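**Q** Model the structure of this input:
(chains A and B)
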Number of protein chains: 2
Amino acid sequence: MRLALPLEKLIDQLLKLPGIGPKTAQRLALYILKMPLEEAGQLAQAIIRARKEVFPCSNCGYLTDTDPCRICQDQSRDRAVLCIVEESSDIIAVERTGYQGRYFVLNKDFNLMEDNDLEALQLKPLIKKLESGEIEEIILALNPDIDGEIISRFLADMAVKYGVKATRLAYGIPVGGDIEFTDEITLRKALEGRKEL
Amino acid sequence: MRLALPLEKLIDQLLKLPGIGPKTAQRLALYILKMPLEEAGQLAQAIIRARKEVFPCSNCGYLTDTDPCRICQDQSRDRAVLCIVEESSDIIAVERTGYQGRYFVLNKDFNLMEDNDLEALQLKPLIKKLESGEIEEIILALNPDIDGEIISRFLADMAVKYGVKATRLAYGIPVGGDIEFTDEITLRKALEGRKEL
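**A** From the prediction side, this is the model:
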């Protein structure tokens, strides 16, 4: 197969993106070749600008182009509740629920199995917040896997030392889910967490 | 949801790409934010370079950065056989079969239902080739839909006028396919085109 070199290079670059396989990369590349030059330029520029102008908020770690971020600047938000998440994308999900507290993003691709080092989490800004006495509750919203579980327990212990309540998102069957196809661990957690009607 | 503006703009740009929905766009954008600046720059540059440097070959219409394209330049290829396709991406697929003839790309998003105008196909370069007497056979490899059928018949009639044989790709059950789940039109075509063993 003989492809034009710039086309091959574009396909190679697109292949680096997550979830983009060879067929999708080829389809996207051929589409980009047909875009008006102006639009292709806008796409390229958006990539550079986002990469250059967006950074983690110095206060909470959320991806922002202002420091502190818009959520930290928002005076109407509850300062007493702090939701701790792994990634900025988790904030986007929690925001959809109408949650009105603040956030703290761990922003670390932690792999405790390999690193075995909770110190890598850079918790100093979080400890400062806990020390301030402003926070009454931290809500641990980490992914429900082994790392998330270990870090949640570690952070909960830490919070308790500062007299701060630590809670965790409820485990259970997802709304709209199917009990028949729910895995046994989730179902066991759902049984344990059952509520009286 | 409050996203950093450059991040929102990047998501908007990614959403314009085919097959990229809101969730994929967000995932790609957040990934791009984490890329080393150099890599993000390479991606942006690959988009611009491909868009600027790749164009349809003046001889066959295949996407190329040299004119004529590498396939047209290749003297070892059979000049007597011309495979006619709708898009450059079809050439990529036919090339994988080991086909050794040449190509002609119609390069037109034709929609005969709307345009009803076969003249829009810009067939002058193809007619020149047919007139040259060099070509013995055109292989019509257009998509098996109504437009492809109409254009195939039109081009076949044209070829015959110039004393050139016109063939079409065989219809039938795809290799590895399942007769039970083959649609009736395909199965009828497969029956019609049955071969003696």
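
**Q** Quick one: the helices in chain A, in order.
**A** A:5-15, A:22-34, A:37-53, A:70-73, A:88-95, A:112-115, A:124-131, A:146-161, A:184-192 (DSSP state H).

**Q** which secondary structure elements does the first one contact?
**A** So that's helix A:5-15. Packing contacts for helix A:5-15, counted by 3 or more Cβ pairs under 8 Å, 6 or more residues apart in numbering or on different chains; DSSP states H and E, involve helix A:22-34, helix B:37-53. (Glycine included, C-beta is placed from N, CA and C.)

**Q** Reformat these into JSON lines and put mean neighbour count next to each item.
**A** Below are the helices and strands packed on helix A:5-15 laid out as JSON lines (neighbours: other Cβ atoms under 10 Å in any protein chain shown):
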{"stretch": "helix A:22-34", "mean neighbour count": "18"}
{"stretch": "helix B:37-53", "mean neighbour count": "18"}
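
**Q** Tabulate those in CSV, adding columns for distance to residue A:67 and mean pLDDT.
**A** Formatted as CSV, those follow (distance: least, Cβ to Cβ, whole Å; pLDDT from 0 to 100):
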stretch, distance to residue A:67, mean pLDDT
helix A:22-34, 33, 94
helix B:37-53, 19, 96
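
**Q** mind checking which of the ones you listed is nearest residue B:188?
**A** Nearest to residue B:188 among the helices and strands packed on helix A:5-15 is helix A:22-34; the distance by Cβ to Cβ comes to 29.3 Å.

**Q** what does that closest one rub up against?
**A** With contacts defined as Cβ atoms under 8 Å, 6 or more residues apart in numbering or on different chains, helix A:22-34 is touched by A:7, A:10-11, A:14-15, A:20, A:40, A:43, B:17-20, B:47, B:50-51, B:54, B:63, B:87-89, B:92.

**Q** Give me the spatial nearest neighbour of residue A:126, chain neighbours excluded.
**A** Excluding its sequence neighbours, the residue lying closest to residue A:126 (Cβ to Cβ, 6 or more residues apart in numbering or on different chains) is residue A:104, at 5.5 Å.

**Q** dump the residue contacts of that neighbour.
**A** Residue A:104 sits in contact with A:60-61, A:82-85, A:125-126, A:129, A:138, where contact means Cβ under 8 Å, 6+ apart.

**Q** how much space is there between the residue nearest to the spatial centre of chain A and residue A:105?
**A** By Cα atoms, centre = their mean, chain A has its centre lying nearest to residue A:87, at 2.2 Å. Note on residue A:87: its distance to residue A:105, by Cβ to Cβ, to the nearest Å, is 7 Å.

**Q** where in chain A is pLDDT low?
**A** The model of chain A has pLDDT under 70 over residues A:1, A:108-120.

**Q** ok, 90 please
**A** A:1-3, A:87-89, A:92-93, A:95-98, A:107-125, A:143-151, A:168, A:170-197 (pLDDT under 90).

**Q** Which residue ranges make up each domain of it?
**A** The record's domain parsing of chain A by automatic domain parsing lists A:5-53, A:76-168.

**Q** Among these, show me which one is buried the most.
**A** Comparing these by mean neighbour count (mean count of other Cβ atoms under 10 Å in any protein chain shown), domain A:5-53 ranks first with a mean of 18.

**Q** first vs last residue of that domain, how far apart are they?
**A** End-to-end span of domain A:5-53 (Cα to Cα, to the nearest Å): 31 Å.

**Q** now stretch A:99-106
**A** 18 Å.

**Q** Please apply the same query to stretch A:78-86.
**A** End to end - Cα to Cα - stretch A:78-86 spans 20 Å.

**Q** Next: stretch A:179-187.
**A** 8 Å.

**Q** out of the helices and strands packed on helix A:5-15, which comes closest to residue A:190?
**A** Proximity to residue A:190 (Cβ to Cβ) singles out helix A:22-34 among the helices and strands packed on helix A:5-15, at 36.2 Å.

**Q** Put the alpha carbons of that closest one into PDB.
**A** What follows is helix A:22-34, C-alpha atoms only, in PDB (Å, rounded to 0.1, in the frame of the first residue of the first chain):
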ATOM      1  CA  PRO A  22      -5.800   1.800  12.300                       C
ATOM      2  CA  LYS A  23      -9.200   1.900  10.500                       C
ATOM      3  CA  THR A  24     -10.400   4.900  12.500                       C
ATOM      4  CA  ALA A  25      -7.100   6.700  12.100                       C
ATOM      5  CA  GLN A  26      -7.300   6.200   8.300                       C
ATOM      6  CA  ARG A  27     -10.900   7.400   8.200                       C
ATOM      7  CA  LEU A  28     -10.200  10.500  10.300                       C
ATOM      8  CA  ALA A  29      -7.100  11.300   8.200                       C
ATOM      9  CA  LEU A  30      -8.900  11.000   4.900                       C
ATOM     10  CA  TYR A  31     -11.700  13.200   6.400                       C
ATOM     11  CA  ILE A  32      -9.100  15.800   7.500                       C
ATOM     12  CA  LEU A  33      -7.700  15.900   3.900                       C
ATOM     13  CA  LYS A  34     -11.200  16.900   2.700                       C
END
